[in-house]
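> below are the sequence and a predicted model; questions follow.
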Amino acid sequence: MAFESRDPIKDIWGPRTPYLHEWPHREDKFIEEEPDKWVQSACVLCSNGCGLDIGVKQSRVVGVRGRVTDRVNKGRLGPKGLKGWASINHPDRLTHPLVRKNGQLVQTSWDEAMSLIVEKAQDIRRRMTGHAIAFYTSGQLFLEEYYALAVIGKAGLNTLNMHVSSSRKAFF
C-alpha cells in the first residue's frame, strides 16, 4: 500500500472539523504541595502564551494551574506548561556561575564570569570578526529578552549569527 499525504502547498492546514460550540473550560493543574498563594503569569514554553497561575510556598514554585478565565486557553495547559516548571526545583539545576579552570568546573562570582565572557568575546573579535560569534537561544524568552539579545549580538558584538529555536535542533 502506498503512503498518501496531503499536498502541504495546496492544503497548508490539512482537513479540519468545525467545532460549533464554545470551547469548554477546564482547570489543568499539577501541584506538588499546597501553595501559600497563587501568582498570575503566562506560560512561555511555546507560542500560545497560555494563562496560568503559579503556586508558591515559602518562595518556591510548588505547582501550576491553568487559568479558567483566560480567553486563550480557558484553563487548559500543554504538557510543557503543566510539567516543565518542575526543573526549577531540581537539585541538578545550576544556581551560580561555573568557570572551567584546569579542566574542572569551579564556582565563581557573577562579576568574574561576566568579565571572562567579555574578555573571550573581545579576543574572538580581535583575532577574527564579530561573525565568528553565534547566539543560539531558546524560543522560550519574553520579547524584551529577545530585544536585549539582538542589541548585544548585532550592535555590541557585530554578529548576524543568531538563532532562536523552541526545539532541540540547530539549523545553522
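The structure has been received and is ready for your questions.

> tell me which residue is most central in the protein.
Centroid-nearest residue in the chain, with CA atoms, centre = their mean: residue 140, separated by 2.3 Å.

> look up how far residue 129 lies from that one.
As judged by CB to CB, to the nearest Å, residue 140 and residue 129 stand 30 Å apart. Where you see a C-beta, it was placed from the backbone N, CA and C, and this is true even at glycine.

> swap in residue 160?
11 Å.

> and the residue nearest to the centre of the chain, that's in a strand?
No - read with DSSP: H, G, I helix; E, B strand; the rest coil, residue 140 is coil and lies in no strand.

> so it touches residue 47, yeah?
No - the pair residue 140 / residue 47 is not scored as a contact, 9.6 Å apart, by CB atoms under 8 Å.

> look up how far residue 45 lies from the residue nearest to the centre of the chain.
5 Å.

> list residues touching both of those two?
Both residue 140 and residue 45 lack any common contact, where contact means CB atoms under 8 Å, 6 or more residues apart in numbering.

> state the mean pLDDT of stretch 106-120.
Averaging pLDDT along stretch 106-120 yields 95.

> who's in contact with it?
Stretch 106-120 has contacts (CB under 8 Å, 6+ apart) with 96-100.

> got the contact list for residue 146?
So residue 146 contacts residue 164 (CB under 8 Å, 6+ apart).

> just residue 50 next, same as before
So residue 50 contacts 42-43, 66-67, 70, 72-73, 76-78, 81 (CB under 8 Å, 6+ apart).

> so for it, what's the pLDDT?
90.

> quick check: closest non-adjacent residue to it.
Computed as CB to CB, 6 or more residues apart in numbering, the closest residue to residue 50 that is not its neighbour in sequence is residue 73, at 3.8 Å.

> helix, strand, or coil at the residue lying closest to residue 35 once chain neighbours are set aside?
Using CB to CB, 6+ apart and skipping residues adjacent in sequence, the residue nearest residue 35 is residue 55, 3.2 Å away. Under three-state DSSP, residue 55 falls in the strand class.

> any idea how far residue 36 is from residue 55?
8 Å.

> more neighbours: the two, which one.
The neighbour count for residue 55 versus residue 36, taken as other CB atoms under 10 Å, is higher for residue 55 (23 against 12).

> residues near residue 100, how many?
9.

> one more: residue 67?
Neighbour tally, residue 67, other CB under 10 Å: 23.

> the chain should start at 46 in everything you say after this.
With the count now opening at 46, the last piece we talked about shows up as residue 112.

> what about the closest residue to it other than its chain neighbours, distance to residue 163?
Distances taken as CB to CB, 6+ apart place residue 96 nearest to residue 112, at 3.8 Å, with adjacent residues excluded. Distance of residue 96 to residue 163, given as CB to CB: 39 Å.
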